[in-house]
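Chemist: Provide a 3D model corresponding to the input given below.
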Amino acid sequence: PGLHGDRSPIVRRARWAYTGGAPLGADTFRFFRAVGVNLKQVYGATELAGLCSVQGDREVDPDTVGRPFAGTELRIAENGEVQVRSAAVFQGYFKQEEATRGALTEDGWLRTGDAGFIDRRGHLVIIDRARDVGKLADGTAYAPQFIENKLKFSPFIGEVVAFGDSRPFVAAIVAIDATTVGNWAERNNIAYTSFQDLCAKTEVAGLIRDEIRKCNAMLPEAVQIRRFLVLNKEFDADDDEITRTRKIRRRFVAEKYAPVIDAMYDGAAEVEMSSEITYEDGRKAMLQSRLAVADRLERFLDDRAF
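Modeler: You can find the predicted model right below:
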């Protein structure tokens, strides 16, 4: 039963379902829980022979990956990296002694490469890859990918890049999702002529501002986003801004948009931007534009400081 036609018998017999590998998103997580799927989050690695931690039935939380299994020890290194020790930790990579030495500490703990912390309940929270965790000018640690992932759970945001390393606060460049924001604009009778025109609308800036406020509510005050800019294009693999698997090339973006980033930290109300874009047929063109930074838009929209 369940293999043909009505599949509900198999669904009804499922007692547990697990998700791992990448952040799922709180709304998606709660949706599956709401329709009766006992979905929980886990964390693990091949070098751990599978899983390291799991959520209990009464400790489900979209922001954590649960408690470590019995016999598994966790510790957080000085750089924020999650390290694991248990009987399940591998002995090493086959015929790769140097890689093995890099993966294990001298006292036998596995370096996971992920940064995180253990909350007050003893749950493990993964925030970013350890190599990507930076520090603000005052020494506060911040994880750009953690912030970006939370923002990308918004249906209106396609991509986002957060900055803050050695800076006084966190700022972000946001690329909107053309389809969802376009539909939103039509429902709200906001006329626009092109994608660039849509990105420049103050109403769109207000929409993204509200999404950032929702994200900030889930972040410590020190690492909340204080300034942002809505980019007038999508991040594109043809422009070398993202990989073909949709991963941001952070260093390249930081270099390409250096004037934009400097403007956000210099307190500028707007910035001139010139960038090369690649069309689907391979042709290239220069995109010249003047972009408004969030503080000015905030005052224009509701006369309140961000």
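Chemist: how much space is there between residue 87 and residue 42?
Modeler: Residue 87 sits 18 Å away from residue 42 when distances are taken as Cβ to Cβ, to the nearest Å. Yep, even glycine has a C-beta here, placed from its N, CA and C like the rest.
Chemist: More neighbours: which of these two?
Modeler: The neighbour comparison of residue 87 against residue 42 (other Cβ atoms under 10 Å) goes to residue 42, with 17 against 7.
Chemist: So which residue is dead centre in the protein?
Modeler: When Cα atoms, centre = their mean is applied to the chain, the residue found nearest the centroid is residue 149 (1.7 Å).
Chemist: For that residue, give me its contacts.
Modeler: Remark: with contacts taken as Cβ atoms under 8 Å, 6 or more residues apart in numbering, residue 149 is in contact with residue 23.
Chemist: Please report the distance of it from residue 127.
Modeler: Taken as Cβ to Cβ, the span from residue 149 to residue 127 is 9 Å.
Chemist: Just give the nearest non-adjacent residue to residue 212, would you?
Modeler: What sits nearest to residue 212 in space, not counting adjacent residues and going by Cβ to Cβ, 6 or more residues apart in numbering, is residue 225, at 5.3 Å.
Chemist: what number of residues lie near the closest residue to residue 88 other than its chain neighbours?
Modeler: Spatial nearest neighbour of residue 88, excluding adjacent residues (Cβ to Cβ, 6+ apart): residue 49 at 4.3 Å. When neighbours are counted by other Cβ under 10 Å, residue 49 registers 13.
Chemist: again, but for the one 4 residues further on
Modeler: Burial of residue 53, expressed as a neighbour count using other Cβ under 10 Å, amounts to 25.
Chemist: Tell me which stretches of this structure form helices.
Modeler: In order along the chain, the chain carries the following helices (DSSP state H): 8-13, 26-34, 97-103, 144-152, 178-187, 195-200, 202-216, 250-256, 258-266, 294-302.
Chemist: Tell me what the residue nearest to residue 212 is bridged to.
Modeler: Residue 225 has these beta-bridge partners by DSSP bridges: residue 170.
Chemist: doesn't residue 173 make contact with it?
Modeler: No. Shown here, residue 225 and residue 173 do not form a contact pair, counting by Cβ atoms under 8 Å, at 10.7 Å.
Chemist: Looking at these two, which is more packed in?
Modeler: Between residue 225 and residue 173, residue 225 has the larger neighbour count (other Cβ under 10 Å), namely 24 against 21.
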